[in-house]
Every structure is written in C-alpha cells, then in structure tokens.
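In: next come a sequence and a model predicted from it.
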Amino acid sequence: MVQLGSYSKQVVQSQRVLLVCTSAAKLGDTDQATGVWLEEVAAPYYLFTRKGYHVDFCSVKGGKIPVDPSSLQGPWLTVAVKKFMADVGAQAKMANSRSIVYTAAADYDAIFVCGGYGITWDGAFNRELKRLLEDSLLGGRIVAAVGHGPCSMVTLTDQMGRPYVAGKQVTGMSASEEELMGKAALVPFLLENKLRQLGAHYVRTPVDFSPFAIRSGNIITGQNSHSALLTASLAIEALSMGVRLTV
C-alpha cells in the first residue's frame, strides 16, 4: 500500500480535476434504482476543492447524475454526504454535468472515476470513456478510480495493445464485498476477478469495507466507498509532485 506522505507544496490554482460519474439510474434490465455512490463523489470533491483544485463534473450521457438511494442510508450517510446534499453549488454541478463525449483529457490534470453500481453498466465498455482515460494516461496524467470506478479500466490498452492494468497493482470492489452487498449477481462482472484475468496484481485490505488505496504509476485505485478520501489524497500527492508519466 502506498503510504501518504507530505504534499505541502503549494497547489497551482489552475490545476483541474474531472469527476466522472455514471448516467445509469437502473441496474441493468431490472427496476432496481442505482447511480453513483455519493460518498465517492462528496469526499473527493471537498478534498480537491479545499486544496485549491478546480473541479468539474461529467457523466456518460451528461445532464443530471443519478444517485444510488442506498448510498444515502445508514452507515453510508457520512458527514461529507450530508454536506454535499445541502450544498446548492455542488447540487447544481450534479444536475448539469457535461457528457464525456464533449470532454477532452488535455483539459485536466487528473481524472477521478467515481464508483457505484451504475458505472459497471454504462462505463465499463463505453468507447468515449475509454478514449478519455487512454488519452489521459498517454499524456502522463493521473487517472484515479474508487469502488466500482476501476471497472472503467478493464478495456484500456497501452500503445502495444496490451491491457493497461496488466502487471500493475490495482484494487477495486472485492468479490467478498460484492457478496456482502447482495448484488454480485446484478453486475456484468466481478471487478476483482476481471482485473485478475487481465493480468493485474489485485491487492486489497483483508477487512471488507476498510479504507484502502494504492498507486501504480499514474493509476490510483481505491477498494470501496470508504476508500474515496484516501484515493483522492493519493491523487493530490501525485499532482503536487508534478507527476507526468508516459505509457
């Protein structure tokens, strides 16, 4: 696991971060409501803005970003989530997101893919999201993802046509966490298994739903919604060091 170090260098005010969210409001062909998991938006959003970054929102289709109602209940209703729900400015951004079709990687220093079950359906094999993330990686920019967000990386390839995650240490929603949430049969694939199949070195915390994030080159991944803040912290650490890597 990458340890958090000091990132006390002054953040350049012009640095920009893009939060990418799902547009899927239903789980596949079912009537079950889904969307983005709000903690995976709220925690990174407030950390990035507090550190001086300009944060934009985009989604697969654009427009209003659906929020998984389960992420607003019980232990998932965190301080950051409550603050975000009452934040008029943040809610306006969520209601008027730009489509990834009209989004260029060159406009951002980092891209952060927020998780939730929705992104497994409309993001994993989306050509425009693939373009956006591959362009970012090719330009040596930071690509971070948390929870189900790393499913957006399963189709990414390097300049040699190899899976981009192959040989890299990555994490994401574990198979055991999927089982505990009771939705393992409602996702197109189990992220942990898919990453392993692609040759990634999947790593995780031994305790389900504990915070865990890891950086491998310019890819940063977090295991679950409780890892959102840690994932954003690693992204800020990399950005503050002026990271620019090539594929």
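Out: Yep, that arrived.
In: distance between the ends of stretch 84-97?
Out: End-to-end distance of stretch 84-97: 16 Å, with Cα to Cα, to the nearest Å as the criterion.
In: go through that stretch and flag the buried ones.
Out: Within stretch 84-97, the residues that count as buried by 16 or more other Cβ atoms under 10 Å are Phe84, Ala90, Lys93, Met94, Ser97. Quick note: C-beta positions are derived from backbone N, CA and C, even for glycine.
In: then stretch 133-141?
Out: Buried residues in stretch 133-141 (16+ other Cβ under 10 Å): Leu133, Glu134, Ser136, Leu137, Gly139, Arg141.
In: likewise stretch 30-47?
Out: 34-47.
In: ends of it, how far apart?
Out: 35 Å.
In: just give me how far it sits from the chain centre.
Out: 10 Å (Cα atoms, centre = their mean, to the nearest Å).
In: any weak-confidence spans in this structure?
Out: Counting by pLDDT under 70, the low-confidence segments of the chain come to 1-14, 243-247.
In: how about a cut-off of 90?
Out: 1-14, 28-29, 75, 241-247 (pLDDT under 90).
In: hmm, Ala238 is touching Gly140, no?
Out: No: the pair Ala238 / Gly140 is not scored as a contact, 10.8 Å apart, by Cβ atoms under 8 Å.
In: what touches both of those two?
Out: Residues within reach of Ala238 and of Gly140 at once, by Cβ atoms under 8 Å, 6 or more residues apart in numbering, are Asn218.
In: run a quick neighbour tally on Arg50.
Out: 10 (other Cβ atoms under 10 Å).
In: between the two ends of stretch 192-212, what distance do you get?
Out: Note: stretch 192-212 ends 14 Å apart using Cα to Cα.
In: contacts for it, please.
Out: Residues contacting stretch 192-212 (Cβ under 8 Å, 6+ apart): 1, 150-151, 154, 163, 165-178, 180, 214, 222-227, 229-230.
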